[in-house]
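>>> Take this sequence and fold it.
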Amino acid sequence: MADLLKRAERYVNAEEEMVARKQKTPGSGHQEERREHSRNAPERREKRKERPDLSKEDLRHKLSRREGSSRGGAPIPSYNTFAPLLDTRTRILVVEQDKVPFQWPEKLRTPAENRNVEKYCRYHRDHGHDTEECRQLKN
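Sure thing, here's the model as predicted:
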């Protein structure tokens, strides 16, 4: 209970401080705050000087590695166990694709000559595996 009271008191203090900052006349203390947070603050200049100079080639290499590592942010987790479904994935996809707006996945990266032409995935809209086997759809 005491912990809850301390938390509430901190919240009230923070609100009062925000109101007091808003009531200050513009320009009185804001110039100093801006200088502290600006890109050209003395501390930032010193940090920039301390950084090792990278050539353009090094920067390109660094950027290309970063781009290739993860294309859309965090990696998509893959699971091994799945909840049993009452219907097939194909039927669920057909019913839900019109109801729920979702983004279709990119085309498969595997070269076309290496894919199984007899199998078609309705989720990827491409050959290579069945809709029921689709790992992305399962996840």
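>>> Just the endpoints, please. Distance across stretch 91-107?
Its start and end residues considered, stretch 91-107 measures 21 Å (CA to CA, to the nearest Å).
>>> buried stuff in that stretch?
Residues of stretch 91-107 classed as buried under the neighbour-count rule (16 or more other CB atoms under 10 Å) are residue 93. Just so you know, the C-beta spots here come from the backbone N, C-alpha and C atoms, and that holds for glycine as well.
>>> Can you list the neighbours in contact with that stretch?
With CB atoms under 8 Å, 6 or more residues apart in numbering as the contact definition, stretch 91-107 has outside contacts at 85, 122-126, 131, 136-137.
>>> low-confidence ranges in this protein?
Scanning the chain with the threshold set as pLDDT under 70 gives 25-80, 82-83, 102, 135, 137-139.
>>> now the helices: where do they sit in it?
2-23, 30-37, 42-50, 56-69, 89-99, 135-138 (DSSP state H).
>>> So what's the residue count around the closest residue to residue 116 other than its chain neighbours?
In space, not counting the residues next to it along the chain, residue 116 is nearest to residue 128; the distance is 6.0 Å by CB to CB, 6 or more residues apart in numbering. Applying the criterion other CB atoms under 10 Å, we find 19 residues in the vicinity of residue 128.
>>> what does residue 89 give?
Applying other CB under 10 Å, we find 19 residues neighbouring residue 89.
>>> Can you flag the buried ones in the contacts of stretch 91-107?
Once neighbours are counted (16+ other CB under 10 Å), the buried part of these comes down to 122-124, 126, 131, 137.
>>> Just put these in a markdown table and tack on distance to residue 81.
Formatted as a markdown table, the entries for the buried ones among the contacts of stretch 91-107 read as follows, by distance: CB to CB, whole Å:
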| residue | distance to residue 81 |
| --- | --- |
| 122 | 23 |
| 123 | 20 |
| 124 | 23 |
| 126 | 26 |
| 131 | 20 |
| 137 | 16 |
